[in-house]
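Participant: my questions are about this predicted structure, shown below with the sequence.
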Amino acid sequence: MHGPWTIPAGQPMIARITGLALILFMTTSALAAESLNVAVAAAFKRPFTEIARRFEAGSPIRVEATFASTGTLYSQIVNGALYDVFLAADDKRPQDLHEKGLAGPPAVYARGRVVLWTTREELCRAGDWKSALRHAGVRKIAIVSSATSPYGGAAESALRNGGLWDAVKPRFVYAQDVTQAFQYVYAGAAAAGFCALSDAISVVGGEGCRFDVQEAPPVEHSACVLKRSKNGEAARLFMRFLQAPEAEEIKRSYGYR
């Protein structure tokens with residue numbers, strides 16, 4: 001993945017890591033008192049938490065995060081919320097902020113996938129996600145609205161393409177974000193739910209089973225530095241780290257491409 005903060009290709013990994021460490025070392029005194037306020041799509045909570053911890057371990061900059069649906073965070077930013085960096089779960093809203101003059105140019109930092117997840121043994125025996133949804137025991141299905149989350153949009157696209165939208169829509173239980181949809185299923189409030197792969201492959205996710213939703217388009221996660229940020233240099237360093245080999249390894253471990 002490439003963008004304005006991408007470390008030049010063609011360099012050996014050790015050189016790229018050393019280069020990033022040198023940048024952080026050279027700016028330590030200037031950034032010692034700074035902290036970053038990052039708006040993060042809920043779907044990316046698990047890998048972000050680990051990435052932020054690694055970043056803080058090699059930097060004087062503290063990272064504070066607010067997790068919510070992409071649509072909710074976008075609305076907050078448009079209405080004046082003072083975030084430094086926006087990590088969305090789509091590529092549309094960061095681009096829109098850039099066009100409005102509220103953010104710098106966006107860059108794709110991850111690509112996620114939608115899965116159908118359940119803890120019900122009888123559903124786990126189904127051949128695929130469509131068969132699982134057709135099971136008589138599925139009375140409630142957790143999903144996030146396409147208006148607020150790209151994961152909801154991807155799930156809706158798959159259901160429409162699979163000819164199931166009208167049949168299952170009356171059984172929807174709407175979550176505020178895709179992580180809450182996962183929690184609804186885990187708590188038993190829904191028999192199955194459309195979740196992010198990163199949640200489904202977590203330790204808790206291992207208590208159930210997942211079905212790949214082949215008909216769902218990949219979810220492109222895009223990020224941008226906000227123009228209102230008073231910590232522009234720190235924000236750009238974090239964006240660079242977000243695409244460094246160490247962060248890429250973390251993202252892959254959570255199922256992101």
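Facilitator: Good, I have the coordinates. Numbers count the residues shown, from 1 in each chain.
Participant: pLDDT weak spots in the stretch 151-257 of the chain?
Facilitator: Within the stretch 151-257 of the chain, no range satisfies pLDDT under 70.
Participant: wait, Tyr83 sits on Val40?
Facilitator: No: using Cβ atoms under 8 Å, Tyr83 makes no contact with Val40, being 9.5 Å away. Yep, even glycine has a C-beta here, placed from its N, CA and C like the rest.
Participant: quick check: neighbours shared by these two?
Facilitator: 66, 73 (Cβ atoms under 8 Å, 6 or more residues apart in numbering).
Participant: which stretches of the stretch 101-250 of the chain form helices?
Facilitator: Per DSSP state H, counting those that start in this stretch, the stretch 101-250 of the chain carries helices over the ranges 121-124, 129-134, 150-161, 165-168, 178-187, 197-200, 232-242, 245-253.
Participant: helices or strands next to the last one in the packing?
Facilitator: If I follow you right, that is helix 245-253. helix 13-26, helix 45-57 (3 or more Cβ pairs under 8 Å, 6 or more residues apart in numbering; DSSP states H and E).
Participant: that older thread, need the helices of the stretch 101-250 of the chain in CSV with distance to Leu102 and mean neighbour count, can you?
Facilitator: What follows is the helices of the stretch 101-250 of the chain, written out as CSV (distance: least, Cβ to Cβ, whole Å; neighbours: other Cβ atoms under 10 Å):
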stretch, distance to Leu102, mean neighbour count
helix 121-124, 43, 14
helix 129-134, 38, 19
helix 150-161, 19, 23
helix 165-168, 34, 13
helix 178-187, 24, 24
helix 197-200, 28, 25
helix 232-242, 14, 21
helix 245-253, 25, 16
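Participant: make CSV out of those and add distance to Gly206.
Facilitator: Shown next, in CSV, are those (distance: least, Cβ to Cβ, whole Å):
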stretch, distance to Gly206
helix 121-124, 12
helix 129-134, 18
helix 150-161, 20
helix 165-168, 26
helix 178-187, 11
helix 197-200, 9
helix 232-242, 27
helix 245-253, 14
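Participant: out of the ones you listed, which gets nearest to Ser59?
Facilitator: Nearest of those to Ser59, taken as Cβ to Cβ: helix 232-242 at 7.1 Å.
Participant: if we can go back for a sec, the more surrounded of Tyr83 and Val40?
Facilitator: Comparing Tyr83 with Val40 by neighbour count (other Cβ atoms under 10 Å), the higher total belongs to Val40, at 27 against 23.
Participant: ok, the more buried one - contacts?
Facilitator: 48, 65-67, 73, 87.
Participant: would you mind measuring from the closest residue to Ala196 other than its chain neighbours to Gly101?
Facilitator: Counting by Cβ to Cβ, 6 or more residues apart in numbering, Ala43 is the residue found nearest to Ala196 once chain neighbours are left out, at 4.2 Å. As judged by Cβ to Cβ, to the nearest Å, Ala43 and Gly101 stand 27 Å apart.
Participant: so these two - more neighbours on which side?
Facilitator: Ala43 (34 against 7).
Participant: so that one touches Gln180, yeah?
Facilitator: No: assessed by Cβ under 8 Å, Ala43 is found out of contact with Gln180, at 10.5 Å.
Participant: many thanks, I have nothing further to ask.
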